[in-house]
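> Sequence below, structure please.
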Amino acid sequence: MPRHPEAAHHLRAIPGSVYSALAGRLARHAGETYPLHIGDTWMEPAEGCRMEDLRVAERPGLHRYAPVHGTHELLDAIVERERARTGLALEREDVLVAAGATGGLGAVAGALLEPGDEVLILAPYWPLIEGIVRSFHGRPVAVPVLAGEVAEAAGAVAAVERLRSARTVALYLSTPNNPSGRLLPRDWVEALVAWARRHDLWVITDEVYDAIVYRGEHTRALSLAPERTFLAQSFSKSYGMAGNRCGYVVGPRALMRELRKVSTHTFYSTPTAAQAAAALALAGAGDAWAEAARRQYAGTARRAAARLGLPEPEGSTFLFLDVAAALDGRGLDGLLERCADRGLLVAPGPSFGPYPTHVRVCYTAVEPERALRGVEILAGLLGR
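Predicted coordinates for the structure are as follows:
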């Protein structure tokens, strides 16, 4: 029980920096820099969907609070889109507009977790999900399966079963995966969802990169088990709107009321202007942008993967690689510092699970040729 001057003890397990502790070095670096540590895009959103395109005269109340559930305009657009994608008879009540997928997943965690409850998280994973679970007094349990640990659906199911306990309440998966670039095969998703149903578990599925698929077909868990699945989605990745902080969650209607309680008492409502821009993106211009971005990203992904001697990613905007052979006595920190000395930042593997000798590279964070120059620096340091 902390008292002044202590903070809550559970926060000690949450790192303050997950993508790079060396980011401050870039401001002092003389010459070109390569900030490939954060998952973002160098591209601006589609014309007609930018903040500069919004006018108060056309959208009265643009700077007022939005409804805590989401604006009707955006809710209706999301419902239409997700009905088409999932085949489910969704309504507004099945959706919560959130402050990014991050805010939405926080609302899910707040609605599901009691202190000490465990969430099985397929690893490597998006780093913030670990902190989100801890913030709501849950216990994240990494299940390493996506960096080559298992080769088939049965192996993935066996891995989660080994780590299931009496306190397990949910399974989290990300596909297309951040950071590995893998697309979970249909038989994996089907098998994992069926396993969760057998054990009365919730399924939390993070699909924010579903528009960025290079090879294969994306499988939506929500369609397989709508009674227990929460889909987290964002406008950050598909539409280049990371700074707008707008996303949404689709889930079982009875539980969505509980999510809205959490969201109301954390971020209250998603920025009104961000919701307006998102609705414009869903009206059509955003999809053309997303397809052009996907093609652009695919070309950069192929070139970056080839230079680093890696298989081409199947989706998302990342490469995740084991750099153990290039580490000296200083370990991973030493390599990250050598990168930073050359103006390059990459994200450390331990942020994504039990991967002490891995790094993640985002090849879309800056313009393609600049990103590839950063990849060239990394390849040189790795002796590739």
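
> Taking the centroid of the protein, which residue is nearest it?
residue 126 (5.4 Å; CA atoms, centre = their mean).

> ok, now how distant is that one from residue 323?
Distance of residue 126 to residue 323, given as CB to CB, to the nearest Å: 20 Å. Heads up, the C-betas are built off the backbone N, CA and C, glycines and all.

> Check residue 343 too.
From residue 343 across to residue 323, the span is 18 Å (CB to CB).

> what's the answer for residue 330, then?
From residue 330 across to residue 323, the span is 13 Å (CB to CB).

> Let me see the ranges of the helices in this protein.
Under the criterion DSSP state H, the chain contains helices at 72-86, 100-112, 127-135, 153-163, 186-198, 221-224, 235-238, 253-264, 272-280, 286-308, 331-341, 368-381.

> Could you save those as a markdown table and add columns showing mean neighbour count, distance to residue 15 and mean pLDDT?
Formatted as a markdown table, the helices of the chain follow (neighbours: other CB atoms under 10 Å; distance: least, CB to CB, whole Å; pLDDT from 0 to 100):
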| stretch | mean neighbour count | distance to residue 15 | mean pLDDT |
| --- | --- | --- | --- |
| helix 72-86 | 17 | 32 | 97 |
| helix 100-112 | 26 | 15 | 98 |
| helix 127-135 | 22 | 7 | 97 |
| helix 153-163 | 16 | 22 | 98 |
| helix 186-198 | 19 | 27 | 98 |
| helix 221-224 | 21 | 28 | 97 |
| helix 235-238 | 25 | 21 | 94 |
| helix 253-264 | 17 | 23 | 96 |
| helix 272-280 | 23 | 27 | 98 |
| helix 286-308 | 17 | 26 | 97 |
| helix 331-341 | 17 | 14 | 95 |
| helix 368-381 | 18 | 23 | 98 |
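
> Make JSON lines out of those helices and add distance to residue 180.
Below are the helices of the chain laid out as JSON lines (distance: least, CB to CB, whole Å):
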{"stretch": "helix 72-86", "distance to residue 180": "23"}
{"stretch": "helix 100-112", "distance to residue 180": "18"}
{"stretch": "helix 127-135", "distance to residue 180": "13"}
{"stretch": "helix 153-163", "distance to residue 180": "13"}
{"stretch": "helix 186-198", "distance to residue 180": "13"}
{"stretch": "helix 221-224", "distance to residue 180": "18"}
{"stretch": "helix 235-238", "distance to residue 180": "15"}
{"stretch": "helix 253-264", "distance to residue 180": "28"}
{"stretch": "helix 272-280", "distance to residue 180": "27"}
{"stretch": "helix 286-308", "distance to residue 180": "12"}
{"stretch": "helix 331-341", "distance to residue 180": "17"}
{"stretch": "helix 368-381", "distance to residue 180": "17"}
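
> Out of those helices, the one nearest residue 64 is which?
helix 272-280 (6.3 Å; CB to CB).

> My read is that residue 222 contacts residue 210, right?
No: using CB atoms under 8 Å, residue 222 is not in contact with residue 210; the gap is 11.2 Å.

> ok, back up a step: which one is the residue nearest to the centre of the chain nearest to, not counting chain neighbours?
Leaving aside its sequence neighbours, residue 126 sits nearest to residue 178 (CB to CB, 6 or more residues apart in numbering; 4.7 Å).

> how much distance is there from stretch 247-261 to the middle of the chain?
Counting by CA atoms, centre = their mean, to the nearest Å, stretch 247-261 is centred 19 Å from the centre of its parent chain.

> residues in contact with that stretch?
Here stretch 247-261 makes contact (CB atoms under 8 Å, 6 or more residues apart in numbering) with 68-70, 78, 82, 86, 90-91, 93-105, 107-108, 110-112, 208, 222, 226-236.

> next one: stretch 139-157
The contact list for stretch 139-157 (CB under 8 Å, 6+ apart) reads 116-125, 129-130, 133-134, 158-160, 163, 167-168, 177, 180, 182, 185, 187-188, 190-192, 195, 320, 322, 353-355, 358.

> Can you give me the end-to-end span of that stretch?
When the termini of stretch 139-157 are compared using CA to CA, to the nearest Å, they are 20 Å apart.

> how far is it from where the chain is centred?
That offset, for stretch 139-157, works out to 18 Å (CA atoms, centre = their mean).

> Now do the contacts for residue 239.
Residue 239 makes contact with 45, 46, 49, 278, 281, 286, 289, 290, according to CB under 8 Å, 6+ apart.

> out of the residues you listed, who's nearest residue 267?
residue 278 (15.4 Å).

> check contacts around the closest one.
Residues in contact with residue 278 (CB under 8 Å, 6+ apart) are 74, 77, 235, 239, 241, 244, 246.

> could you redo the last one with a cut-off of 10 Å?
With contacts defined as CB atoms under 10 Å, 6 or more residues apart in numbering, the neighbours of residue 278 are 45, 49, 70-71, 73-74, 77-78, 97, 234-235, 239, 241, 244, 246-248, 270-271, 286.
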